[in-house]
Every structure is written in C-alpha cells, then in structure tokens.
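Student: Please work out how this folds:
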Amino acid sequence: MKFHIILEANNSPERVAELARLAEGYGMSGIWVSNMHDARDPFVLFTEAARTTEHIRLGPVAVSPYELHPLKMANSLLTLNEIAGGRAQIGVSAGDGGTAMAMGFKAKRRLRAVRECVEIIEAAATGEPIRYDGQMYKALYYHPSWVTQPAPKVYVCAGGPQMLASSAKYAQGIFLGDHLPEHVAAVNETIRGAQAEVGRQDDDFRLLNFWAWHVKESREDARAEARMWLAVRVTPWPVYYHRGILPDTDMQVVWDNLPAINQAFFHKSPDIKGIPRDILDRLVDRCSSTASIAELDTEIDRIRQFEAAGLTDIALRIYANPDDSIRLIGERVMPALN
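Tutor: Numbers count the residues shown, from 1 in each chain. As a prediction, the model looks like this:
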C-alpha cells in the first residue's frame, strides 16, 4: 500500500513545499491538491515543492477537460513535470462540478472526453510531434520538443460503472473518491473484467482512493471536523450514494436536509440543522476516518481492508493541523501497514 496526502488547495506555495518535504521524509508517495475554482492555480502551486523535494510525486486532482483544453492541460502538467524532474501527476475527471460548474460548462460525452484528454497528455509527454484529430478535442501542429523528462503519472477519476469499465482499458490508474472497502472490492471486479475483455495485463496499474482523514485528540473533535466537510463527500448525495452505508430511512433524513449540509460547509460550522446527531455521527464514521488518536488501530484496520479489497494506494485528505496528521500517518500508520 502506497500513501499519498491531499492538501487544502488554499495553502501558499511555500506551505505546500514545507508539507511536501515533511511527507517525503516519511517515504510517502505523493502530494495532491484539490482543483478548486477559487483557489490558487494547482500547477503553479507546486513549483516550490518541485524545486525542494527529490522523490515525492506532485499534482492536482481532479482536472476536467470541460474547464481546461487537454492541450493546455498537457502544457501545464509537463511544465510542472520538468521542474519536478519527472515527478508530476494528475487526476483527470469528467465531472462538471466545481470549476466547470462555476464557469457554466456542462459535461457531455464524458467517456470520450476523458479518453481523448488522457491520449493527448500521454502523446505530448513523448516530446514528439502530435497531430491529434479527435471527436471532441484536437491538438494540431503541436510539437513539445522541450519535453525531456520521464512521463508524468496520469490517473482517471472514476466512480460510475461506465467510466470505470472504459478507463480500465487504457488508463495508467484509476482514482476513486470516498469509496468504502466493500465498494473498492466491487470496483476492482469491474476493472479486472474490463481489462480481461481487451486482454490487458498490467502489473503497474494503480487503484487509488480519495479518503477523508479526521483523526484528532478526541472523537468529538474528529466528528465536528468531519461534519463541517460533509458537503464535499460524495456520500450524502443521492446521485453518488452507495447503498448500505446507513439504513434508507436514515439516509432519507440526510437527503431531506442537504441545504443544511451545504450551509455548514460554507460557514465552516460543525452544526447541521435538521439531522439528528446520531445519524450524522454514524454517517461520518462510515464514510471517513473519524476517530480519536486512541482509536487509531481501528483506522489502521480499515486501511488493511482497503488493501485486501484491491486498493494499491490511499490518498488521505487532511484538514486542520496538517503537520500533525502527516506525522501521525508517517510514524504510526505506515509502519503498521508496511
């Protein structure tokens, strides 16, 4: 199991570099920032970290071809990759939320859009002349002759069965979001089945999962932070919901109060009106690592379950006091699993 850290996108370049160096010291594999429409540019943000680290991979997740043309995405990624000496990475998504939504774009032909985006980036990474004439995107008269570094890692952010089955056939890896171990096991079956259809056998294929990490001194502090960020978990939203997280009657209470979940996020408040605290506690306990440090073994066991389900990498999204979280993961979680 390889460990990655996902940082708050509004950190300064200097702060990202400081945290990247700390994570690299523990042997972590990657640092990510979420691509947010009102945050710093997620490629430029990593330049100081790229200059001052040696091994850890760096890049944004998730970037959509509906917000940034694949040719320009390739330019930004490969520039970061040059500064980092071949250590850049990216998660490509077909989502029309976040930045794309803020820009008023709607997703269409998602499977085709992501595939063409990945193909353009990977072709650009060779440094050879490109004439790509796709159904949705073109990259004509394009010769990135300045590219000399090893190719960056390009992952497809997927969750639905069609995107999973499609990207499993060509992507270097797949980046899931908020999947429980039992969901990872089901996804892994879908991926292996799709790869078998095309005769793909790739020992280097990576399966990552974005997972919220709220481990604090007390369980109440952990749950308060998790409630504050619940709006940006996929779990509360019916369109993404995986059955079995909570009884349907409890989830209906959550669905009836989605505006309150959004309000708590916008105001950075742990108080969500209309939903009993018991339901909220069980929900955040199920869909994130929400525990006290004294209960850390429970979360280590959960990561073991992820690994047993077929996950090769876990990307832990950390929140307040990121230095403490990185040290806890590096000193206690990683040694227990590796």
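Student: In terms of helices and strands, where is the residue nearest to residue 127 when sequence neighbours are not counted?
Tutor: Excluding the flanking residues, the one nearest residue 127 by CB to CB, 6 or more residues apart in numbering is residue 147, at 3.7 Å. Where C-beta positions appear, they are placed from N, C-alpha and C, glycine not excepted. Under the criterion DSSP states H and E, no helix or strand holds residue 147.
Student: Contacts only, for residue 147.
Tutor: 78, 82, 124, 125, 126, 127 (CB atoms under 8 Å, 6 or more residues apart in numbering).
Student: Got the phi and psi for the closest residue to the fourth one other than its chain neighbours?
Tutor: Put plainly, it is residue 125. Once flanking residues are discounted, residue 125 sits nearest to residue 151: 3.9 Å by CB to CB, 6+ apart. Note on residue 151: its backbone torsions stand at phi -60, psi 140 [degrees, to the nearest 10].
Student: quick thing: my sequence starts at 448, can you match it?
Tutor: Let's use 448 as the start, then, which means that last one is residue 598.
Student: Can you name the residues that contact residue 720?
Tutor: Residue 720 neighbours (CB under 8 Å, 6+ apart): 704, 707, 710.
Student: And those, which is closest to residue 452?
Tutor: Closest to residue 452 out of the contacts of residue 720 is residue 710 (28.4 Å), distances taken as CB to CB.
Student: Would you mind writing the CA trace of the host helix or strand of residue 527 as CSV?
Tutor: In this assignment (DSSP H and E), residue 527 forms part of helix 517-530. Extracted as CSV, the C-alpha positions of helix 517-530 are listed here (Å, rounded to 0.1, in the frame of the first residue of the first chain):
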residue,chain,number,x,y,z
PRO,A,517,-6.3,18.9,-23.0
LEU,A,518,-3.5,20.6,-24.9
LYS,A,519,-3.2,23.4,-22.3
MET,A,520,-3.6,20.8,-19.5
ALA,A,521,-0.7,18.9,-21.1
ASN,A,522,1.4,22.1,-21.2
SER,A,523,0.8,22.9,-17.5
LEU,A,524,1.4,19.4,-16.4
LEU,A,525,4.5,18.9,-18.4
THR,A,526,6.0,22.2,-17.2
LEU,A,527,5.5,21.1,-13.6
ASN,A,528,6.9,17.7,-14.6
GLU,A,529,10.0,19.4,-15.9
ILE,A,530,10.6,21.4,-12.7
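Student: Within its sheet, name the partner strands of the next helix or strand after that helix and how each one runs.
Tutor: Next along the chain after helix 517-530, taking DSSP H and E as the criterion, comes strand 536-539. Strand pairing for strand 536-539, determined by DSSP bridges: strand 504-510 (parallel), strand 600-604 (parallel).
Student: of the contacts of residue 594, buried ones?
Tutor: Burial by neighbour count, 16 or more other CB atoms under 10 Å: within the contacts of residue 594 this picks out 525, 529, 571, 572, 574.
Student: and the longest strand for the chain?
Tutor: Ranked by number of residues, the top strand in the chain under DSSP state E is strand 653-663.
Student: Next, the angle from it to strand 600-604.
Tutor: 70 degrees (axes from the mean of the first three to the mean of the last three CA atoms, to 10 degrees).
Student: tell me what the helix or strand that strand 653-663 is followed by is packed against?
Tutor: Scanning forward in sequence from strand 653-663 by DSSP H and E, the next helix or strand is helix 666-675. Applying 3 or more CB pairs under 8 Å, 6 or more residues apart in numbering; DSSP states H and E, we find helix 666-675 packed against strand 653-663, helix 705-713, helix 724-734, strand 736-739.
Student: which parts of the next helix-or-strand element following helix 666-675 are buried?
Tutor: Using DSSP H and E, the helix or strand that directly follows helix 666-675 along the chain is helix 695-703. For helix 695-703, the neighbour count (16+ other CB under 10 Å) marks 697, 698, 701 as buried.
Student: Check stretch 608-616 too.
Tutor: 610, 611, 612, 613, 614, 615.
Student: Dump the strands paired with strand 536-539 to a markdown table, plus distance to residue 565 and mean pLDDT.
Tutor: Below are the strands paired with strand 536-539 laid out as a markdown table (distance: least, CB to CB, whole Å; pLDDT from 0 to 100):
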| stretch | distance to residue 565 | mean pLDDT |
| --- | --- | --- |
| strand 504-510 | 11 | 96 |
| strand 600-604 | 6 | 98 |
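Student: among those, which is nearest residue 781?
Tutor: The nearest among those, by CB to CB, is strand 504-510 at 16.1 Å.
Student: Just the CA coordinates for that closest one, please, in CSV.
Tutor: Extracted in CSV, the C-alpha atoms of strand 504-510 (Å, rounded to 0.1, in the frame of the first residue of the first chain):
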residue,chain,number,x,y,z
ARG,A,504,5.1,13.0,-6.7
LEU,A,505,3.1,16.2,-7.0
GLY,A,506,0.0,17.3,-8.8
PRO,A,507,-3.7,18.3,-8.9
VAL,A,508,-6.9,16.3,-8.7
ALA,A,509,-9.3,16.4,-10.4
VAL,A,510,-8.9,18.5,-13.6
